[in-house]
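Peer 1: sequence and computational prediction follow.
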Amino acid sequence: FASQHSRLLVDTKLSMRLSTPLLLTVLPLIAGKVYLKDTFDNMDKWVKSSVEKFDGAWELSSGEWYGDAEKDQGLKTTQDAKFYALTANFDEVFDNKDKDLVIQFSVKHAQKIDCGGGYVKVFPKGFDGAALDEETKEKYSIMFGPDICGYSTKKVHVIFTYKGKQHLIKKDIKCEDDQLTHVYTLIVKPDQTYIVKIDGEEKASGSLTEDWDFLPAKEIKDPEQSKPEDWVDEEMMDDPEDKKPEGWDDIPAQIVDPEAEKPEDWDDEADGEYEAPMIDNPEYKGEWKAKRIKNPDYKGPWVHPMIANPEYAEDDSIYHYEDLGAVAFDLWQVKSGTIFDNLIITDSAEEADSFMKDTFSSDMRDAEKKMFDDAEKEKKEAEEAARKAAEKAAEEDEDDEEDDEDDEEDEEASSGHDEL
């Protein structure tokens, strides 16, 4: 029995040792939790607003250029000058306490957008996407993504709602403005830091408390203090011993041109009394100003004393949203044609990165770029051919007109001979 017991212990330990490498290889594959993921094979998860204003129509499309026709199918806006609203609920409520919060999706402005949004809004649980309207669309918790309008606005929005107020990032993060697919990623961490990536490359990062005005200032100017009345903050002063020379103000700024002569053909009765033109006086020195000297009473610039702001209180939970439950596209587009794809909401940056590599790899990106370049080349060649054809047609019309004129002249000449 002892022998069997010993053998059992050895077998058990051996089994554990053998299984350990297997566990080590499996554990890295255990990813974070995904609360919503959509590659837009269909639109089953999405609910359109029933409000008449948000009547922009959507369709599933890969566009005219893509890396993979099947994988690059996404949600496409189809009508110009329209408001769009489409909402999907999370698979479960997302409480990001002590977790990363990751929002990632791709945007392709294939239409060369001139003015329109390309962002998403994340709402608390219970948000009714079918009733989204002018009021409820502003009830979001987070707004993230690109926004383009003309030449002045080409930025990535990162807006957080904190204590009922929307706070915009103070940094300017430039978005992509070409006609290709780009992946936008926002990572919010429990240590109150954030990262914004485009196509996996970091474009901005920092502290939530430094790059947004969530909290009041730590210090304020002491309301009990003010600059003393006798405080001298002018470093220089007029020299009291410097006096204006006598006759300074008697010198005129302009004088009669001494070289001017009355024209010989001047008629006083017809032209009026002759007045010589005026010229700048070379003796004029301008307005007199006293010489400046250092002010002996100068105390330097007055600095308002600061005190601790009684309204300031640190908050280590700014990053925390306890009940995120829906995401929406709430957009206005002047020119339609944007394609959204590969949306993921998760608590793992690694999961989001892996998803990006699976759905839009570097090979797919290169393939899309080549297809776009080929399409542009074909378009330019067609435009050039059309231009040449138009020029040729115009030349032929001009030749025909000249022939017609020649025929008319011949007919007139022939008619003249007949009359003779």
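Peer 2: Happy to help now that I have it.
Peer 1: show me what the helix or strand hosting Ile344 is packed against.
Peer 2: Element membership of Ile344 [criterion: DSSP states H and E] is strand 338-346. For strand 338-346, the elements it packs on are strand 34-38, strand 74-77, strand 101-109, strand 181-188, strand 324-333, helix 349-359, judged by 3 or more Cβ pairs under 8 Å, 6 or more residues apart in numbering; DSSP states H and E. For glycine as for every other residue, the C-beta is placed from the backbone atoms N, C-alpha and C.
Peer 1: partner strands of that strand and their direction?
Peer 2: Sheet pairing of strand 338-346 (DSSP bridges) gives strand 34-38 (antiparallel), strand 74-77 (antiparallel), strand 101-109 (antiparallel).
Peer 1: I'd like the mean pLDDT over stretch 36-52, please.
Peer 2: Stretch 36-52 shows a mean pLDDT of 97.
Peer 1: and that stretch, what's buried?
Peer 2: Neighbour-count burial for stretch 36-52, counted by 16 or more other Cβ atoms under 10 Å, picks out 36-40, 45-49, 51.
Peer 1: ends of that stretch, how far apart?
Peer 2: Distance between the boundary residues of stretch 36-52 (Cα to Cα, to the nearest Å) amounts to 27 Å.
Peer 1: could you do stretch 146-157 as well?
Peer 2: End-to-end for stretch 146-157, by Cα to Cα: 6 Å.
Peer 1: residues contacting that stretch, please?
Peer 2: 107, 109, 113-119, 143-145, 168-169, 172-177, 182, 184, 196, 198, 203-204 (Cβ atoms under 8 Å, 6 or more residues apart in numbering).
Peer 1: swap in stretch 292-309?
Peer 2: Counting by Cβ under 8 Å, 6+ apart, 216-222, 225, 227-228, 231-239 sit against stretch 292-309.
Peer 1: so how far is that stretch off the chain centroid?
Peer 2: Distance, stretch centre to chain centre, for stretch 292-309: 41 Å (Cα atoms, centre = their mean, to the nearest Å).
Peer 1: for the buried residues of stretch 36-52, give me a markdown table that also has distance to Ile159.
Peer 2: Formatted as a markdown table, those follow (distance: Cβ to Cβ, whole Å):
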| residue | distance to Ile159 |
| --- | --- |
| Leu36 | 19 |
| Lys37 | 23 |
| Asp38 | 22 |
| Thr39 | 26 |
| Phe40 | 25 |
| Lys45 | 24 |
| Trp46 | 22 |
| Val47 | 23 |
| Lys48 | 23 |
| Ser49 | 20 |
| Val51 | 22 |
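Peer 1: residue closest to the middle of this structure?
Peer 2: Lys155 (1.0 Å; Cα atoms, centre = their mean).
Peer 1: and Glu408, that's in a helix?
Peer 2: Yes: remark: Glu408 belongs to a helix, assigned using DSSP: H, G, I helix; E, B strand; the rest coil.
Peer 1: state the distance from it to Glu401.
Peer 2: 11 Å (Cβ to Cβ, to the nearest Å).
Peer 1: and if you look at Glu202?
Peer 2: For Glu202, the distance to Glu401 - Cβ to Cβ - is 65 Å.
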